[in-house]
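Participant: sequence first, then the predicted structure:
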Amino acid sequence: MPTTPLSPTTSPRSVLVTGAARGIGRAIAEQFVAAGDKVACLDRAAELTTGDILQVPADVCDTASLDAAFTTVEQAHGPVDIVVANAGITRDGLLMRMSDEDFQTVLDVNLTGAFRVVRRASKSMIKRRSGRIVLIASVVGLYGGVGQANYSASKAGLVGLARSITRELGGRGITANVVAPGFIDTAMTQGLPDDVKTKYLAAIPAGRWGSVDDVAQVVEFLASPAAAYISGAVVPVDGGLGMGH
Ligand code: NAD
């Protein structure tokens with residue numbers, strides 16, 4: 001019988017989180033720092049994190065900048081053991097009025113951006129037969145959302161991406177999972193209209209918004225040796241909003 005390694009077990013691990021200048025990504029980066037790991041924040045924002053987190057400015061839509069950022073991280077922290085594709089944007093609008101540009105831009109950052117990041121990360125993971133890939137999707141990916149055809153499609157696409165990676169690389173000690181947050185209190189949701197917020201809150205069985213730490217703790221678990229046999233999964237962190245989907 002083939003054995004499944006509990007990798008990555010090296011400590012500290014080299015962790016790269018995209019979109020980690022603020023919000024959920026920042027909380028994920030800080031969670032790994034607290035666990036004693038070497039953490040890099042890849043973001044296009046000018047104001048990046050400070051302290052123990054290595055800052056590597058890059059745009060997930062720009063392959064050359066991503067490659068340079070990964071090289072910097074590899075030189076400073078060693079090959080990436082854990083990659084979290086978290087960078088994401090919204091450009092909401094009703095279907096009839098949604099422009100090609102708004103659809104394509106959201107797909108390019110949220111889905112193709114994640115693809116570019118995990119493709120680059122997989123190079124050394126395949127060589128070392130070890131790695132953890134976590135993609136941050138959304139409850140909206142499987143639930144749908146009015147005015148979010150672009151965003152929902154991009155997040156649903158991450159499920160196919162993670163499952164294809166699982167089939168392709170599962171035998172090499174690499175796992176790929178999706179975390180699907182519900183409504184989390186960040187800048188992204190603070191901008192929603194009040195009536196939308198009230199409607200969603202009423203639909204959340206837990207009766208509260210999620211916190212960035214609710215998401216970060218689940219991401220850290222999926223990257224841990226304890227989660228070595230979980231791959232291709234969609235893990236909701238939504239207070240029951242999506243009823244397990
Ligand atoms: P946020 O807007 O607060 O942070 C997103 C970060 O991504 C920013 O720092 C931004 O600079 C960075 N980013 C955006 N485009 C980028 C690019 N092209 N290249 C590099 N960096 C880029 O968002 P958040 O609320 O923290 O959300 C983080 C992730 O979680 C997103 O993928 C989002 O879709 C997802 N999500 C959020 C919620 C929520 O309620 N906030 C719910 C479900 C899913």
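Facilitator: On my side now, so go ahead.
Participant: residue 67 contacts residue 120, doesn't it?
Facilitator: Yes. At 6.2 Å, residue 67 and residue 120 qualify as touching, with contact defined as CB atoms under 8 Å. Any C-beta I mention is one placed from the backbone N, CA and C, and that applies to glycine too.
Participant: so between the two, which is more surrounded?
Facilitator: residue 120 (18 against 13; other CB atoms under 10 Å).
Participant: buried ones in the helix or strand containing the more buried one?
Facilitator: Element membership of residue 120, judged by DSSP states H and E, is helix 113-128. The neighbour-count check on helix 113-128 (16 or more other CB atoms under 10 Å) flags 113-118, 120-122, 124-125, 128 as buried.
Participant: show me how far it is from its chain's centre.
Facilitator: In terms of CA atoms, centre = their mean, to the nearest Å, the centre of helix 113-128 is set 14 Å apart from its chain centre.
Participant: same thing with stretch 178-186?
Facilitator: 10 Å.
Participant: give the other helices and strands that the longest helix seen in the chain contacts.
Facilitator: In the chain, with assignment by DSSP state H, the single longest helix is helix 149-169. If you count contacts as 3 or more CB pairs under 8 Å, 6 or more residues apart in numbering; DSSP states H and E, helix 149-169 packs onto helix 100-107, helix 113-128, strand 131-136, helix 139-143, strand 174-181.
Participant: just the angle between that helix and strand 174-181, please?
Facilitator: If you take axes from the mean of the first three to the mean of the last three CA atoms, to 10 degrees, helix 149-169 sits at 160 degrees to strand 174-181.
Participant: put together JSON lines for the buried residues of helix 113-128, with distance to the ligand and pLDDT on each row.
Facilitator: Output for the buried residues of helix 113-128, formatted as JSON lines (distance: CB to the nearest ligand atom, whole Å; pLDDT from 0 to 100):
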{"residue": "113", "distance to the ligand": "6", "pLDDT": "98"}
{"residue": "114", "distance to the ligand": "9", "pLDDT": "99"}
{"residue": "115", "distance to the ligand": "13", "pLDDT": "99"}
{"residue": "116", "distance to the ligand": "10", "pLDDT": "98"}
{"residue": "117", "distance to the ligand": "9", "pLDDT": "98"}
{"residue": "118", "distance to the ligand": "14", "pLDDT": "98"}
{"residue": "120", "distance to the ligand": "13", "pLDDT": "98"}
{"residue": "121", "distance to the ligand": "15", "pLDDT": "98"}
{"residue": "122", "distance to the ligand": "19", "pLDDT": "98"}
{"residue": "124", "distance to the ligand": "21", "pLDDT": "97"}
{"residue": "125", "distance to the ligand": "21", "pLDDT": "98"}
{"residue": "128", "distance to the ligand": "25", "pLDDT": "97"}
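Participant: now for the residues you listed, which pair is the farthest apart?
Facilitator: Spatial extent of those (CB to CB) is set by the pair 113 and 128 at 23.9 Å.
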